[in-house]
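Visitor: Mind folding the following:
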Amino acid sequence: MDTPDRRRDPDKATSVRDLRASDADRERVADALGEALADGRLTMEEHSERASRAYEARTLGELTGLTGDLSPEEAQPILVDDRPVSVLFGRARRDGRWVVPVKLPLLALFGTVELDLREAVLQRRHIVLDSMVLGGRIRLLVPEGVQVNVTGRSIMCTREVRTRPAPEGPTIEIGGTMIFGSVSARSPKRTLRQRVRGRLGRS
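Guide: Predicted structure coming up:
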């Protein structure tokens, strides 16, 4: 998970679409364009033109404009969307490479909202999930180093946070109102190599 450098004005959040793209972001889009060429969704000329623009792109917004007509939202290589995440009697999920805005509204009415932040870009180091939960669930999967705080008002709502935060790491705050539901956050299990490295670091 990445957090953008905001040296110009620390009090003003950069627009989600104006966040800088990384080399990995460009490669994701290039791969998607290559697949579209292979199955006939793009001609050779279209692929060449879009691929050139992908490698020249400076922002995430420029990249997403190259693949928007090639696949549905859930299959996009990069998702730039600051709309609320809501579900009614079902499941809504965001994962992969996506941008988490400074404040993201969540609505879970007898359904589950799942947010996978392992490859996400945080618009700021302090993100607020403004939640409304009624008989629903919020599930977060966060990488190591991220602090998760549940600060919202809850009534008959269970909370479970099993993360491995770092002292100077980003913070995800889950606020709002949660009634007859559950909120959980966890970090992925460490691999054997990661566990060994952790023990060596403490010795």
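Visitor: Scan this protein for its longest helix.
Guide: helix 23-38 (DSSP state H).
Visitor: low-confidence ranges in the chain?
Guide: For the chain, the stretches with pLDDT under 70 are 1-14, 190-203.
Visitor: would you list every one of the strands in it?
Guide: With DSSP state E, the ranges of strands along the chain come out as 85-88, 91-94, 99-100, 103-109, 112-116, 121-122, 126-134, 137-141, 147-150, 153-155, 158-162, 171-179, 182-186.
Visitor: coming back round to it: elements contacting the longest helix of the chain?
Guide: When contacts are defined as 3 or more Cβ pairs under 8 Å, 6 or more residues apart in numbering; DSSP states H and E, helix 23-38 packs onto helix 44-56, helix 60-64. Where C-beta positions appear, they are placed from N, C-alpha and C, glycine not excepted.
Visitor: Grab the most central residue of the protein for me.
Guide: residue 120 (3.4 Å; Cα atoms, centre = their mean).
Visitor: Would you confirm that that residue contacts residue 104?
Guide: No. In this structure residue 120 lies outside contact range of residue 104 using Cβ atoms under 8 Å: 10.7 Å.
Visitor: if we can go back for a sec, the longest helix of the chain: how far from the chain's middle?
Guide: Its chain's C-alpha centre and that of helix 23-38 lie 19 Å apart, by Cα atoms, centre = their mean, to the nearest Å.
Visitor: any idea of the angle that helix forms with helix 44-56?
Guide: Helix 23-38 runs at 180 degrees relative to helix 44-56, counting by axes from the mean of the first three to the mean of the last three Cα atoms, to 10 degrees.
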